[in-house]
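[1] here are the coordinates; sequence isn't available:
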């Protein structure tokens, strides 16, 4: 990552206005037993299922990409692994992205998708999961659902979540040299694009500032060598102070969204995520 200057990729994309270099906009049919595609507010929504199913649980998955990038092949491979191991169905919306859209359009679209899922599945059978920006989005969505008196999912699983788009946590400065993946200033820039003029402390943008009670079980995975671990640790402390059920998994030496890669630690994290899914199925 250091050799190819992965940390500078987002900055270069901002300068060129091209964010689609790594896109894999649709799930490869070879990875999934069944794929269906519908439109919601003009955006694609994919439902991925194993042949024959096998689980009572359904996942709403929100992908990462700093709110400016679409699905990548790594996302589809990761979701395929979860389905093969658990038999769950997964709904994966291609939600509106900056700079063409802001969080308002993204929430309108994804909240509608979630409400449609609640007409098919009891909330006790639903898991809300996301990586990176999608992890922050997932927690913010759960907070909004609770405020709107919509049944919240049984479990929320956050993978290297971006919990505060302002990145003002002072601990980040000490973590930055060890992170080969994420650049602070470019993330702040895209965060402002996604905010569209709304203050970045708004909890729909930075859910670390929102309520944590009554959201169901929360699990957080973070790598010790990513700048976002600063706010993951803060979330853990806030959850403890509010009496919220939060399971916290921090991996030494791991980088941002490592669970989507193919390290031994990636496979270990994936097994833990699979166990959380299976536990949700058993406790419904």
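    That came through, no problem. As the structure is a computational prediction, the values presented were derived from the model and not from experiment.
[2] hmm, who's touching the helix or strand containing residue 265?
    Following DSSP states H and E, the helix or strand that holds residue 265 is helix 264-283. Applying CB atoms under 8 Å, 6 or more residues apart in numbering, the contact partners of helix 264-283 are 55-57, 59, 78, 81-82, 85-86, 88, 127, 154-155, 157, 159, 217, 219, 221, 247, 249, 251, 253-254, 258-260. (Each C-beta comes from the backbone N, C-alpha and C, glycine too.)
[3] at 7 Å what do you get?
    If you take CB atoms under 7 Å, 6 or more residues apart in numbering as the criterion, helix 264-283 is touched by 55-57, 81-82, 85-86, 88, 127, 154-155, 157, 219, 221, 249, 251, 254, 258-259.
[4] Can you list which of the residues you listed are found in strands?
    Among those, the members found in strands (DSSP state E) are 127, 155, 157, 219, 221, 249, 251.
[5] which SS state does residue 97 fall under?
    Secondary structure of residue 97, reduced to three states by DSSP: H, G, I helix; E, B strand; the rest coil: coil.
[6] typo on my end, it should be residue 35
    Following three-state DSSP, we place residue 35 in the strand state.
[7] and it, how many residues sit next to it?
    When neighbours are defined as other CB atoms under 10 Å, residue 35 has 16 of them.
[8] Next: residue 240.
    Neighbourhood size, residue 240 [other CB under 10 Å]: 12.
[9] mind listing what's buried in the particular helix or strand that has it in it?
    Here residue 240 sits within helix 229-242, counting by DSSP H and E. For helix 229-242, the buried set under the neighbour-count rule, 16 or more other CB atoms under 10 Å, comprises 229-233, 235-236, 238-239.
[10] Filter the contacts of helix 264-283 down to the buried ones.
    Listed as buried from those are 55-57, 81-82, 85-86, 88, 127, 154-155, 157, 219, 221, 249, 251, 254, 258-259; burial here means 16+ other CB under 10 Å.
[11] The residue nearest the centre of the chain bridge partners, please.
    Centrality entry for the chain: nearest residue to the mean C-alpha point is residue 130, 2.0 Å, by CA atoms, centre = their mean. Residue 130 forms beta bridges with residue 62, residue 158, as assigned by DSSP bridges.
[12] isn't it right up against residue 60?
    No - the pair formed by residue 130 and residue 60 falls short of the contact definition of CB atoms under 7 Å, at 8.6 Å.
[13] Could you check the pLDDT of the residue nearest to residue 196 when sequence neighbours are not counted?
    Of all residues not flanking residue 196 in the chain, residue 102 sits nearest, at 3.1 Å (CB to CB, 6 or more residues apart in numbering). According to the predicted model, the pLDDT of residue 102 comes to 98.
[14] what number of residues lie near residue 275?
    Neighbours around residue 275, by other CB under 10 Å: 12.
[15] And for residue 113?
    Using other CB under 10 Å, residue 113 has 20 other residues around it.
[16] quick one, what contacts it?
    Residue 113 makes contacts with 40, 45, 60, 91, 93, as judged by CB under 7 Å, 6+ apart.
[17] tell me what the host helix or strand of the second one is packed against?
    Yep, that's residue 45 we're talking about. Secondary-structure assignment from DSSP H and E places residue 45 in strand 43-49. Strand 43-49 sits against strand 34-40, strand 89-93, with contacts defined as 3 or more CB pairs under 7 Å, 6 or more residues apart in numbering; DSSP states H and E.
[18] where are the low-confidence patches of the protein?
    Screening the chain residue by residue with the criterion pLDDT under 70, one finds the ranges 1-6, 8-9, 11, 283-284.
[19] Swap in 50 and give it another go.
    Low-confidence segments of the chain, defined by pLDDT under 50, are located at 284.
[20] picking up where we left off before, direction included, what does the strand holding residue 45 pair against?
    Sheet partners by DSSP bridges: for strand 43-49, these are strand 34-40 (antiparallel), strand 89-93 (antiparallel).
[21] Fine by me, thanks again.
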